[in-house]
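Asker: Sequence below, structure please.
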Amino acid sequence: MSDPWILLPFWYPIIAVLVILMAGSTIRLYKGPTPADRAVAVDTVNTLTVASLILFGVAFREIIFIDVAIVYSLLSFVATLFIAKYLGGEL
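Answerer: Numbers count the residues shown, from 1 in each chain. As a prediction, this is how the structure comes out:
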C-alpha cells in the first residue's frame, strides 16, 4: 500500500475546482433574488460537500469519510424536503 501523501498533489486541482464551485454557490446563496434560488444554492453546497467527503475518503483510503458522506447526504435530502415544503406553503 502506498503512502497517501504521495498522491496528494494529484488531488490539488480537484480540490481547487470544488472550492471554486462552492464559492460560486455561496455567492448565489447570498445574492439569490428569490428564496428558491437560495434553497438550490444550499442544496448545491451540500452536494459539493458530499463529493468532497467522498474524494477525501478515496485520497486517504479511509472508509469513515464515505460513511459520513452517506449520513450527510441523507440529512441534506431531508433538509431540502423541509425547505421545499416551507417554500411551497405546506408547512
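
Asker: any low-confidence regions in the protein?
Answerer: Along the chain, the parts satisfying pLDDT under 70 run over 1-8.

Asker: The residue nearest the centre of it - nearest residue in space that isn't next to it in sequence?
Answerer: Compute the mean C-alpha point of the chain, and by Cα atoms, centre = their mean the closest residue is residue 49, 2.1 Å away. Leaving out its chain neighbours, the residue that sits closest to residue 49 by Cβ to Cβ, 6 or more residues apart in numbering is residue 72, at 6.6 Å. In short, each C-beta sits where N, CA and C put it, glycine included.

Asker: That neighbour contacts residue 48, correct?
Answerer: No - the criterion here is Cβ atoms under 8 Å, and residue 72 misses it with residue 48 at 11.3 Å.

Asker: Looking at these two, which one has more neighbours?
Answerer: Neighbour totals were compared for residue 72 and residue 48, and residue 48 leads with 17 against 14 (other Cβ atoms under 10 Å).

Asker: residues contacting the more buried one?
Answerer: Residue 48 sits next to 18, 21, 22, 25 when contact means Cβ atoms under 8 Å, 6 or more residues apart in numbering.

Asker: Backbone torsions only: list them for the first one.
Answerer: The phi/psi pair for residue 18 (degrees, to the nearest 10) reads phi -60, psi -40.
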